[in-house]
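Visitor: Sequence below, structure please.
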Amino acid sequence: MVAAWWGPNVVMAHPKLKNLPLGPKWNWRIPAHHAEDDNKARLLAVFSKWARDPEKNFQLPKANLLFVKMSEGTSDSAVYPPSRGRRRVAIKAAQAVLASEPPAKVTAFDKSQRACADAAAAFEHVWKVEEYLFNMGQYKFVLSPVGNGVDTHRTWEALLAGSIPIVESSVRDSMYEGLPVLIVKSWSDLSLPLLQSAYTNFTTAGSSYRWEKLFAPYYLQQLSADLLQSYMSSRDR
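Guide: All right, here's what the predicted structure looks like:
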């Protein structure tokens, strides 16, 4: 009897199928893109530092609104066909939302997603990991659309940095329960009023968030409970 099946990048709903988050990206293969680093010890040291108190990071004041830093075409060849092209849709929606705002103050775009020269200037060099997390943590929200897979490292990096990731609704919504994650039904729903009201709602929730869901022990406990349930069920047969 299968008590539960845990895994990342879940794309179908089933009561026994459960999501494991990707977490931050530490297994870099090409150390030359968006804070990638092939020194695993250095990466783990940086992430350990940022993981000490995500709640404190979340409570720090943030002057900027929306962080956007990614390769635009990553989802074009996504493994899950419905995800293909969704990243381009998300970036376009973000650009539309912020078109009337001062881009250098409220958003940040890659060179390939240039909203204006000022906004892109700081994004033309490759950041070190700690620089990437620090800069991300200066923003209230982080755009986090799908990439090659349906879950993204960016979502979990944003939470560690103290920012609110924005994701599109999916069968993985329950994975974010108890965490400050903004889930939009469609990227077309993204708007400046939505972000403004959502930030107020998220920040007035106080310390009610389940930050333990960012760390492995929480999932190990859930897995242990499922294993125990499976053992008890088999013993009773």
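Visitor: alpha carbons only for contacts and neighbour counts from here, please
Guide: Noted.
Visitor: any idea where the helices of this structure begin and end?
Guide: 40-50, 54-59, 86-97, 103-106, 117-121, 129-136, 153-161, 192-203, 216-236 (DSSP state H).
Visitor: where in this structure is pLDDT low?
Guide: Low-confidence regions of the chain, defined by pLDDT under 70, span residues 1, 27-37, 100-126, 206-207, 231, 234-237.
Visitor: Could you rerun that using 80?
Guide: Under the criterion of pLDDT under 80, the regions of the chain flagged as low confidence span 1-3, 26-40, 71-80, 82, 100-128, 205-207, 228-237.
Visitor: Name the residue closest to the centre of it, please.
Guide: Taking Cα atoms, centre = their mean as the criterion, residue 155 is the residue nearest the geometric centre of the chain, at 0.6 Å.
Visitor: Can you name the residues bridging to the closest residue to that residue other than its chain neighbours?
Guide: Distances taken as Cα to Cα, 6 or more residues apart in numbering place residue 165 nearest to residue 155, at 5.4 Å, with adjacent residues excluded. On DSSP bridges, the residues paired with residue 165 through beta bridges are residue 142.
Visitor: is it true that residue 165 touches residue 182?
Guide: Yes - contact status for residue 165 versus residue 182: in contact at 6.2 Å, counting by Cα atoms under 8 Å.
Visitor: circling back to that earlier point, winner for burial among the helices of the chain?
Guide: Of all these, helix 153-161 has the most neighbours on average by mean count of other Cα atoms under 10 Å, namely a mean of 25.
Visitor: contacting residues around it?
Guide: With Cα atoms under 8 Å, 6 or more residues apart in numbering as the contact definition, helix 153-161 has outside contacts at 21-25, 50-51, 53-54, 57-58, 133-134, 136-137, 142, 144, 164-167, 180, 214.
Visitor: CA atoms of that helix as PDB?
Guide: Extracted in PDB, the C-alpha atoms of helix 153-161 (Å, rounded to 0.1, in the frame of the first residue of the first chain):
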ATOM      1  CA  HIS A 153      14.300  27.900  -6.900                       C
ATOM      2  CA  ARG A 154      13.600  31.600  -7.000                       C
ATOM      3  CA  THR A 155      10.400  31.100  -5.000                       C
ATOM      4  CA  TRP A 156      12.300  29.600  -2.000                       C
ATOM      5  CA  GLU A 157      15.300  32.000  -2.400                       C
ATOM      6  CA  ALA A 158      12.800  34.900  -2.200                       C
ATOM      7  CA  LEU A 159      11.300  33.600   1.000                       C
ATOM      8  CA  LEU A 160      14.700  33.100   2.600                       C
ATOM      9  CA  ALA A 161      15.600  36.700   1.600                       C
END
